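Novice: Here is a sequence together with a model predicted from it:
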Amino acid sequence: MKPQTFATHVNLINHPITLCAFWLFLLLCCFDVLAESIRVVDQSGTPIENVVVSFDEDAPSNLDVTDVAIMDQVNVQFLPQVLVIQKNQRVAFPNSDNTRHHIYSFSKPKPFEIKMFSGGESKQLTFEQSGIVVLGCNIHDQMVGYIYVAENNNTSITNAQGIAEVPSTGIAVKLWHPKLSANKIVRKDIQLPTSFSESPYDIQLTLLEDVVTPTQHTFKSKKFGRGNK
C-alpha cells in the first residue's frame, strides 16, 4: 500500500499543472529570500509615503527608458504626487480635469512650462538630466508634484505604510523625500546592516514641519470705501 501511495505522489508531481505550481512555489520562496523590506518613519514614528529609495548606482536599471511615464492632473492635483523615472525617459502630461492647467517647473534638471486645456492633447517631454523636478501650476497654487529623475539606477518607493523593497541587506541606499530639505533636493545616505533583526527594518527620517500661513481677511477696497483699520 505504501509503494502505491508513493507512486501516486510522484505521478502528481509530474503532472504538468502540478509541476508548474511546484516551480512557481520554489520561485516565490527564492524571491522572498532575496528581497528585503524597509519601513521609513518620521520623527514621531508615523510611516512616510513617497520616499524614493535608490541603490546599486553602478548597476543599470531594469526599467526600459523607452517606456513613457504618466504625470496626470486629477481633481486639481498631480497624480502621482511623486513620479520616479530614469534619465532620458519621456513623460506624458495629460489633463484629466475639467479645468485648464498651466504647469511649469523652474528646477535645474528641466525648466519648462505647458499650457493645458481640459480634455486637450497630452504633451510629452524628455528628461535628459537626473535630479529632482518640482512641478507647479500657474492657475492652481495648491498643485505641487515631483518628478524624481534617477541616474539610470534601481529605485523603489514607499507605500502608504512607509514600506519599500530593497534587493538585500548590507547595501548602501539613498533616501529622498520633499520634506527632507527646504530646497527639495537633499538625499540622505543610509548604510543598511548586514542582517535585519526584524522585517521590515525601520529607518527614521527627520522631516520639516508644514508651515501654515494664516489667512488674513483685509478688505481695503478704495472703490467702495471699505477697509480694516
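Specialist: That came in fine, so what should we check first? Numbers count the residues shown, from 1 in each chain.
Novice: CA only for contacts and neighbour counts going forward, please
Specialist: Noted.
Novice: residue ranges with poor pLDDT in this structure?
Specialist: 1-34, 57-63, 211-229 (pLDDT under 70).
Novice: Which parts of it are helices?
Specialist: Taking DSSP state H as the criterion, the chain carries its helices at 2-14, 16-34.
Novice: tell me the domain ranges of the chain?
Specialist: What automatic domain parsing lists as the domains of the chain is 1-34, 37-59+153-209, 68-149.
Novice: List the residues that contact the nearest residue in space to residue 75 that is not next to it in sequence.
Specialist: Spatial nearest neighbour of residue 75, chain neighbours left out: residue 97 (6.2 Å); criterion: CA to CA, 6 or more residues apart in numbering. Contact analysis of residue 97 by CA atoms under 8 Å, 6 or more residues apart in numbering lists 73, 74, 75, 76, 118, 119.
Novice: closest to residue 176 among those?
Specialist: residue 73 (22.8 Å; CA to CA).
Novice: Which residues does the closest one form beta bridges with?
Specialist: On the basis of DSSP bridges, residue 73 is bridged to residue 78.
Novice: Surely it is in contact with residue 98?
Specialist: No - judged on CA atoms under 8 Å, residue 73 makes no contact with residue 98 at a distance of 10.0 Å.
Novice: okay, the two: which has more neighbours?
Specialist: residue 73 (23 against 14; other CA atoms under 10 Å).
Novice: which ones are touching the more buried one?
Specialist: Contacts of residue 73 by CA under 8 Å, 6+ apart are 79, 93, 94, 95, 96, 97.
Novice: Could you dump the contacts of residue 97 into a markdown table with distance to residue 164 added?
Specialist: Converted to a markdown table, the contacts of residue 97 look like this (distance: CA to CA, whole Å):
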| residue | distance to residue 164 |
| --- | --- |
| 73 | 25 |
| 74 | 25 |
| 75 | 27 |
| 76 | 28 |
| 118 | 35 |
| 119 | 34 |
